[in-house]
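[1] Based on what follows, work out the 3D shape:
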Amino acid sequence: MAIQTILPSELSIPDLQRTLQFAVGPRPIALVSSVNREGLVNLSPFSFFNIFSTNPPILVFSPARRVRDNSTKDTLNNVLEVPEVVIHSVSHSMVEQTSLSSTEYARGINEFTKAGFTQVASTHVAPPRVAEAPVALECRVNEVVALGDGRGAGNLVICEVIAIHINDQVLDDEGRLDQDRLDLVGRLGGDWYVRAHGDALFEVEKPLATKGIGVDALPRSVRLSTVLTGNDLGKLGNVELLPLQSDVEEFMQHHRIQTIFRQYADPIERREALHQYAKEQLDKGKVHKAWKALLVDRLNTHSTDDE
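    Model (predicted):
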C-alpha cells in the first residue's frame, strides 16, 4: 500500500478545497437564515459546521470567502449587521430544497420563496425559521472570527443557542430526539451526500463506565489474526473482564465448536475457523460469545505465542 504525502502549498486553492471536502466528512449541514439591517431575509446551507460547547450551547459555522473571486456571502454580511441567525437541521425530505437555496441569487431575493420553504416567525431572534425543518435553533452571534482575507478563507460565526424548536414527529416515545426519525443528511465532497437513516445507522459502545483491557492486552494470535479486522479487535479490547475458564470449558461443548473441532484437525486451520466464528458473533454484537470462541482456541493449543 503506497501513501502519498501532499503539502497544502503544492495544491491550487480549488484542488486543496476539493481534497479537504472529500477527506473530511460526512459533515453536518446548517441551513442558516439571517437578515440584514434593512430586514431582507437570506437562507443558505453551510457544511463547515458543528457543535463546540454544551454549556454554554455553542454552534459554529463558517461562510468561507468564495474561491472563485474572493467575494463574501450574504450570510456573513448579514450577521455582521444583525448578529442573529436560525440554524436548521436538514433531513432527507428537504435536501433538494436545501441545495436549491444555495443558489447565488441576487441580493434581496428571498431563498425561502425560491426553495419553496415555509417562512415562520422566530420567537427570540429577527431571522425567520423554516417550518419544514425537524429542528430549528435560534441563536445570537457572539463573535465572528475571520481566518484570512484570501480566496477560500473561513469566517467562524460563533453562535449561542437561545431557543430550540423541535418537530414532535422526530421524537421517540420518551419525548427525546430519535436519530432514525430525524433522517439527517450530511455533506461529502463534490455532489455527494450521505443519509443517516435505517441500515446506515449503527451504535458503538462508549468506554465510559468501564475501562476496556485494550487491543495490546489481546492474545498475540488474536492481534495478528488474518480474519479479524481492526474494528473487531476494538470490540474485543473494549471488555473489562474476560470470560471465566469454566465458562470457556462449558462453551467447548457448543455444537458449532464441536463441529469445528471435528472438521479441522490442523491447529492453524482450526484457529482460523474459530476466528471466523468469533467474527460472526462480533458482527451480531455478541462480544462475550466471541471471546469464548477465541479462548477455546487458546485453551486447546496451549500456545506460548499468545503472551
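[2] all helices for the stretch 201-307 of the chain, in order.
    220-223, 230-237, 245-251, 255-263, 267-283, 287-301 (DSSP state H, counting those that start in this stretch).
[3] Including mean neighbour count, mean pLDDT and distance to residue 135, could those helices go into CSV?
    Backbone N, C-alpha and C define where each C-beta goes, glycine included. Output for the helices of the stretch 201-307 of the chain, formatted as CSV (neighbours: other Cβ atoms under 10 Å; pLDDT from 0 to 100; distance: least, Cβ to Cβ, whole Å):
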stretch, mean neighbour count, mean pLDDT, distance to residue 135
helix 220-223, 17, 93, 43
helix 230-237, 17, 94, 30
helix 245-251, 14, 91, 46
helix 255-263, 13, 92, 46
helix 267-283, 18, 94, 33
helix 287-301, 21, 86, 34
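[4] which ones are touching the closest residue to residue 249 other than its chain neighbours?
    Taking Cβ to Cβ, 6 or more residues apart in numbering as the measure, residue 249 lies nearest to residue 299, with 7.2 Å between them; neighbours along the chain are not counted. If a contact means Cβ atoms under 8 Å, 6 or more residues apart in numbering, then residue 299 has 245, 248, 249, 252 as its contacts.
[5] Hmm, the second one is touching residue 292, no?
    Pointing back at residue 248 there. Yes - using Cβ atoms under 8 Å, residue 248 makes contact with residue 292 at a distance of 5.3 Å.
[6] joint contacts of the two?
    For the pair residue 248 and residue 292, no residue contacts each of them under the criterion Cβ under 8 Å, 6+ apart.
[7] so which helix or strand takes in residue 52?
    strand 49-53 (DSSP states H and E).
[8] Pull the distance from that strand to the chain's centre.
    If you compare the mean C-alpha spot of strand 49-53 with that of the full chain, they lie 12 Å apart, counting by Cα atoms, centre = their mean, to the nearest Å.
[9] Stretch 28-39 too?
    24 Å.
[10] That one: which residues count as buried?
    Within stretch 28-39, the residues that count as buried by 16 or more other Cβ atoms under 10 Å are 28, 29, 30, 31, 32, 33, 34, 35, 36.
[11] Would you map out the domains in the protein?
    Taking automatic domain parsing as the domain assignment, the record places the domains of the chain at 8-200, 215-301.
[12] show me where the protein has strands.
    27-28, 30-35, 41-46, 49-53, 58-61, 84-88, 119-120, 129-130, 135-146, 155-166, 184-187, 193-196 (DSSP state E).
[13] taking those together, which one is wrapped up most tightly?
    strand 30-35 (a mean of 27; mean count of other Cβ atoms under 10 Å).
[14] What is it packed up against?
    strand 41-46, strand 58-61, helix 74-81, strand 84-88, strand 129-130 (3 or more Cβ pairs under 8 Å, 6 or more residues apart in numbering; DSSP states H and E).
[15] got TSV for the ones you listed, with distance to residue 95 too?
    As requested, those are exported to TSV (distance: least, Cβ to Cβ, whole Å):
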stretch	distance to residue 95
strand 41-46	9
strand 58-61	17
helix 74-81	19
strand 84-88	12
strand 129-130	13
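[16] Export the ones you listed as a markdown table, with columns for mean pLDDT and distance to residue 199.
    Output for those, formatted as a markdown table (pLDDT from 0 to 100; distance: least, Cβ to Cβ, whole Å):
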| stretch | mean pLDDT | distance to residue 199 |
| --- | --- | --- |
| strand 41-46 | 97 | 26 |
| strand 58-61 | 98 | 29 |
| helix 74-81 | 96 | 35 |
| strand 84-88 | 98 | 26 |
| strand 129-130 | 98 | 28 |
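[17] Please consider this matter closed, and thank you.
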